[in-house]
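Undergrad: build me a structure from this.
(one chain, ligands or ions: 3)
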Amino acid sequence: MSSFRADYSQTDQCQSTPSISVQEARATYNLPFSDLLFRAQQIHRSHFDPNAIQMSRLLSIKTGGCTEDCGYCSQSAHYPTGLKASKLMEVERVLTEARKAKESGATRYCMGAAWRNPKGRDMDALVAMVEGVKALGMETCMTLGMLTPEQSGKLADAGLDYYNHNVDTSERYYSEIITTRTFADRLETVANVRDAGIKVCSGGILGMGETVEDRISMLVALANLPAPPESVPINMLIPIPGSKLADAATVDPIDFVRTIALARILMPRSHVRLSAGRTEMSDEMQALCFFAGANSIFVGDTLLTADNPGEDHDAMLFRRLGLKPMELEHSQ
Ligand code: SAM
Ligand code: DTB
Ligand code: SF4
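TA: Ligands and ions are numbered 1, 2, ... in the order given. Modelled structure (predicted):
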């Protein structure tokens, strides 16, 4: 068994770390399954309580009608997905929903908008949302598309803790999925957000017709950022009728678990989030993902527009697996 990156547990993630090669990552990915999971679990335990799961709640604050052509998305105006578009939600309504999320145990509130980028006229309302959710004692996250350095600074000043901006897939495969922006555009916004002092949430989607090599390459790109993202959401494609990827082949569950394990090994201190697609995963598959190092989920009946296992199912899953919600002070 190679000892690749075993000493990373001793380093501070914010210091510059030697870059990881795709070759090394591939060798790790291809270890016998039990060796891979054992390695991931050892690294997981050296940084986190293995039984604590961070819980985030999503709200779509501006739904549908998006100008981007992301082949997986229900909200793109390029595909006949049947989703009704709506305007930016009122600040008070967002805060009412955030209060409910807090009562049901979520510690982080993630507000998502179907935009290529926010416009100047939207910024005051976005700032008020961040300030209002912070005042409830929750962590704040937004995902609004591309941000300029100036917009990133305004949101940072309002107290935004995290910004979600996924690279989604490998650089090589990106243009097969999205043509209205590039992989480099994504990295630019990630850098703008990072420079403003906001924590980064960036990951991707499995099940879009990409190869295993694309998945490895995506994780290596994330791990080799100047600082790895604090949160790494790994989504399993929710096939949206009418979208370009409506009929994409499903991901092999063992390959999915291997990808989670690799994310944990390459980014030892990051929260790895088992994100979209949990309604199609068995409890056993989710248990393997947690064993492989996933330690964050989205809670609640809906993600942005699609279904998510509700509170009852997740409460039962947590009981079956002896899991507990991660407390706020440990989720930093
Ligand atoms: N418009 C913003 C953007 O694209 O960055 C924010 C919202 S967008 C819906 C956030 C992320 O959700 C996407 O980057 C993608 O990774 C994920 N996502 C969207 N639709 C999905 C689907 N059908 N299945 C799985 N993940 C999906
Ligand atoms: C992420 O990686 N997954 C979340 C969040 N970031 C914004 C979104 C999942 C969306 C699933 C499809 C939907 O609800 O429309
Ligand atoms: Fe728009 Fe985001 Fe959906 Fe792409 S993923 S179509 S940018 S909402």
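Undergrad: state the helix or strand in which residue 255 lies.
TA: When secondary structure is defined by DSSP states H and E, residue 255 falls within helix 253-266.
Undergrad: what lines up beside the helix or strand following that helix in the sheet?
TA: Once helix 253-266 ends, the next helix or strand along the chain (criterion: DSSP H and E) is strand 271-274. Each strand paired with strand 271-274, and its direction, by DSSP bridges: strand 231-236 (parallel), strand 296-299 (parallel).
Undergrad: can you say which of the ones you listed is packed in most?
TA: Between the strands paired with strand 271-274, strand 231-236 has the highest mean count of neighbours, a mean of 25, where neighbours are mean count of other CB atoms under 10 Å. C-beta: built from backbone N, CA, C; applies to glycine.
Undergrad: what about it and ligand 2, touching?
TA: Yes: using CB under 6 Å from any ligand atom, strand 231-236 reaches ligand 2 at 233, 235.
Undergrad: hmm, who's touching that strand?
TA: Counting by CB atoms under 8 Å, 6 or more residues apart in numbering, strand 231-236 makes contact with 162, 164, 166, 199-207, 222, 251, 256, 259-260, 263, 267, 270-278, 280-281, 294, 296, all of which sit outside it.
Undergrad: which bits of the stretch 201-332 of the chain sit near ligand 2?
TA: Within the stretch 201-332 of the chain, the residues that sit near ligand 2 (CB under 6 Å from any ligand atom) are 203, 233, 235, 238, 275-276, 303-306.
Undergrad: give me the pLDDT for the residue nearest to residue 243 when sequence neighbours are not counted.
TA: With CB to CB, 6 or more residues apart in numbering as the measure, residue 79 is the residue that lies nearest to residue 243, at 4.7 Å, once sequence neighbours are left out. pLDDT, residue 79: 97.
Undergrad: in this structure, which spans are helices?
TA: Under the criterion DSSP state H, the chain contains helices at 22-29, 33-47, 91-103, 123-135, 149-158, 174-177, 183-195, 212-223, 253-266, 283-291, 311-321.
Undergrad: contacting residues around the fourth one?
TA: Counting by CB under 8 Å, 6+ apart, helix 123-135 makes contact with 61, 88, 91, 94-95, 98, 109, 111, 118, 140, 142, 144, 151, 154-155, 157-160, all of which sit outside it.
Undergrad: redo that, cut-off 10 Å
TA: Counting by CB atoms under 10 Å, 6 or more residues apart in numbering, helix 123-135 makes contact with 59, 61-62, 88-95, 97-99, 101-102, 108-111, 113, 118, 138-142, 144, 150-151, 154-161, all of which sit outside it.
Undergrad: any idea how far ligand 1 is from residue 319?
TA: Using CB to the nearest ligand atom, to the nearest Å, we find residue 319 at a distance of 27 Å from ligand 1.
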